[in-house]
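1. The following block contains a protein sequence and its predicted model.
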Amino acid sequence: MTRALITGVTGQDGAYLAALLLGKGYEVYGLLHRHGGSEAVQERLRRLNCPGSVTMVDGNLIDLSSLIRLLDRVKPDEIYNLAAQSFVRMSWDQPLLTTHVTAIGTANVLEAVRIASPKARYFQASSSEMFGRAQGAAQSEAAHFHPRSPYASAKVFAHCLVQNYRDAFGLFGCNGIMFNHDSPLRGIEFVLRKITDGAARISLGLATDLPMGNLDARRDFGHARDYVQAMWLMLQQDAPDDYVVATGRAASIRDLCRIAFAHVGLDFEKHVCVDPAFLRPADVDVTVGDPTHAKDKLGWTAETSLEAMIAEMVEADLARCRAG
Ligand code: GDP
């Protein structure tokens, strides 16, 4: 039985990836660094109609020795490093914490792999935020990095380190440069989930307004369910490589509001207002990815349309609000 270890298993991608791997017959271990996360993971698996369960193991990304002991014990065939302080806005308030977890944490995992599990295949969740202020055409794996936040800078470090370990030590390490991806399991602090939750609450009379930040920002939004497929495919290839995971289509935050509110029969312009509290010290104007390499090499494409994903998310938020 193939054995996988997922860091960041308590997040959206952790749940979708665990469900995917359990469905393929894997034995799945999830790294837990705090109490209480275990039930949340099993609850998310139930929401995804996944009958299997994840074995939780204690450890912490910023504690190298705990990671080494863990790899010695679990002996995973595949390691998916999804853990990060992943909220860009918070990285401005907590840049050092973000650096510790997202950058140094990755260095620790890579060192633990090098010492205790050098044959394991390794996936690193890289981020489209690394491209930052890139202008013009869609970004491929060859595009330059211009990180625009402490989070993005930490992700650039982690991305390069995976390449270093691949080149220097022969690590089977892959970076998936993940563009924005959402789902009903996305945290409420992220923009699309905030919008679908707001549209649901307003349509049910539970709220009247939705204060937002920069409505002109444009992002390439896909579904997490599709994106974890790409992660898995990367580790099944003959050789490790880096891949952009994206839809190739950009939508503005205003577009998201329009689609979500229209789904519940409302005009977003009557409810969405701009509140400067949600503006960022520096923002990325537009990111759109070029997934050609993933399509050619992995045979992967983003299957869920933006409209279908937003409809699924609004419906899930309506059901949750109705259930109180
Ligand atoms: P990110 O791309 O990883 O930063 O994902 P987010 O979902 O947090 O934000 C995407 C974009 O939405 C950024 O350009 C934000 O500036 C913009 N945005 C506009 N209003 C909001 C808001 O109220 N909350 C969040 N999280 N983002 C917002």
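-> Looks like it came in fine.

2. Helices along the stretch 201-324 of the chain, start to end?
-> Secondary structure of the stretch 201-324 of the chain by DSSP state H, counting those that start in this stretch: the helices cover 224-234, 253-263, 292-293, 306-322.

3. OK, contacts around the residue nearest to residue 73 when sequence neighbours are not counted?
-> Nearest non-adjacent residue to residue 73, counting by CB to CB, 6 or more residues apart in numbering: residue 57, 7.6 Å away. In short, each C-beta sits where N, CA and C put it, glycine included. Contacts were defined as CB atoms under 8 Å, 6 or more residues apart in numbering; by that measure residue 57 touches 5, 29, 30, 31, 32, 70, 73, 74.

4. Tell me the residues of the stretch 51-200 of the chain that contact the ligand?
-> 88, 89, 129, 180, 189, 190, 191, 194 (CB under 6 Å from any ligand atom).

5. Please flag which of the residues you listed sit within helices.
-> Using DSSP state H, the subset of these located in helices is 88, 89, 191, 194.

6. Would you mind measuring from the closest residue in space to residue 260 that isn't next to it in sequence to residue 218?
-> Counting by CB to CB, 6+ apart, residue 199 is the residue found nearest to residue 260 once chain neighbours are left out, at 4.2 Å. Distance of residue 199 to residue 218, given as CB to CB, to the nearest Å: 20 Å.

7. the more surrounded of these two?
-> Between residue 199 and residue 218, counted using other CB atoms under 10 Å, residue 199 has the larger neighbour count: 30 against 18.

8. Contact partners for that one?
-> Counted by CB under 8 Å, 6+ apart, residue 199 has contacts 210, 257, 260, 261, 263, 264, 266, 268, 314, 317.

9. Run through the helices of the stretch 1-150 of the chain in chain order.
-> All helices of the stretch 1-150 of the chain, identified by DSSP H, counting those that start in this stretch, fall at 12-23, 37-47, 64-74, 88-93, 95-98, 105-116, 150-169.

10. Tell me, what's the model's pLDDT at the residue of the stretch 1-150 of the chain found nearest the ligand?
-> Residue nearest to the ligand within the stretch 1-150 of the chain: residue 88 (3.6 Å; CB to the nearest ligand atom). Listed pLDDT for residue 88 reads 84.

11. And the one 3 residues further on, by the same measure?
-> In the prediction, the pLDDT value recorded for residue 91 is 89.

12. Quick check: it touching residue 148?
-> No - using CB atoms under 8 Å, residue 91 is not in contact with residue 148, being 10.4 Å away.

13. Of these two, which one has the most company?
-> residue 91 (25 against 20).

14. rewinding a little: closest to residue 251 out of the contacts of residue 57?
-> residue 30 (31.9 Å; CB to CB).

15. show me what contacts the closest one?
-> So residue 30 contacts 5, 6, 9, 10, 14, 18, 41, 54, 55, 56, 57 (CB under 8 Å, 6+ apart).
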